[in-house]
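Enquirer: Need a 3D model of the following:
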Amino acid sequence: MRAVIDACALYPTVLRHILMGVADAGLITPLWSARLFAEWKGVAARHAPVDAMVTAGEIALLRAAYPAAEIPADAALERQLWLPDSGDIHVLATAITGQADAIITLNLRDFPLRELAPHNLRAIHPDALLHDLWLAHPDQIAAATCAVHAEAVRLSPTPIPLRALLKRARLPRLGKALAS
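Expert: Numbers count the residues shown, from 1 in each chain. I've put the predicted structure just below:
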């Protein structure tokens, strides 16, 4: 599945690393644009200047790991599109230009089906996507998730259970599935 990863799904570190682990396993082909990266970097900068520097490094790593994932902007296409939040039109244009199957986003309301369907697109919440992928590929999803959990445990001064980590990452269904 080719999927544009919205900035809101790139910014949370745990979520991004799980999605990239799933991409590394070959279950999704990630797509993004320079503008999505700029949005991610802007959100990080609002949290702390050091976050913006770390984000710049993360973006460079993603560009190196997935050189074909970055879709160029298409201003002419963007002018033809409509979404309830005009600030998300570039995401839809990226998906269309990149021939994506889906947009992975936490903001489903911003991507109504009536606007996506003519382009053979759907918006999907990361928790729903990862849960669906877990049903079809439990070992790969568990491996990607456990690798991120292990790194979080390594970096954390206090232990964090997997389910709690996933709940904080807005992945409660996946957390419940992996805990069963």
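
Enquirer: Over to Ile5: give its phi and psi.
Expert: phi -100, psi 110 (degrees, to the nearest 10).

Enquirer: my read: it touches Phe37, true?
Expert: No - between Ile5 and Phe37 there is no contact under Cβ atoms under 8 Å: 10.4 Å. For every residue, glycine as well, the C-beta is placed using N, CA and C.

Enquirer: out of these two, which sits in the more crowded spot?
Expert: More crowded of Ile5 and Phe37, by other Cβ atoms under 10 Å: Ile5, with 28 against 20.

Enquirer: Now that one. Nearest residue, chain neighbours left out?
Expert: Nearest residue to Ile5, sequence neighbours excluded (Cβ to Cβ, 6 or more residues apart in numbering): Ile104, at 4.9 Å.

Enquirer: got the contact list for the one you found?
Expert: By Cβ atoms under 8 Å, 6 or more residues apart in numbering, the residues touching Ile104 are Ala3, Val4, Ile5, Asp6, Ala9, Leu19, Ile28, Ile124, His125, Pro126, Leu129.

Enquirer: And the residues you listed, which is closest to Thr97?
Expert: Nearest to Thr97 among the contacts of Ile104 is Val4, at 9.6 Å by Cβ to Cβ.

Enquirer: Now do the contacts for Leu162.
Expert: Going by Cβ under 8 Å, 6+ apart, Leu162 touches Thr145, Cys146, His149, Gly175, Leu178, Ala179.

Enquirer: hmm, try it at 10 Å
Expert: Leu162 makes contact with Ala142, Thr145, Cys146, Val148, His149, Ala150, Ala152, Val153, Leu174, Gly175, Leu178, Ala179, according to Cβ atoms under 10 Å, 6 or more residues apart in numbering.

Enquirer: farthest pair in these?
Expert: Across these, the longest distance by Cβ to Cβ is 17.3 Å; it joins Val153 and Leu174.

Enquirer: which of those two has more neighbours?
Expert: More crowded of Val153 and Leu174, by other Cβ under 10 Å: Leu174, with 27 against 14.

Enquirer: Ala123 should be in a strand, yeah?
Expert: Yes - counting by DSSP: H, G, I helix; E, B strand; the rest coil, Ala123 falls inside a strand.

Enquirer: Okay, and the beta partners of it?
Expert: Bridge pairing for Ala123 (DSSP bridges) gives the partners Ile103.

Enquirer: Can you report how many residues lie near His17?
Expert: Counted with other Cβ under 10 Å, His17 comes out at 19.

Enquirer: all strands of this protein, in order?
Expert: Using DSSP state E, the strands of the chain run over residues 2-5, 29-31, 102-104, 122-124.
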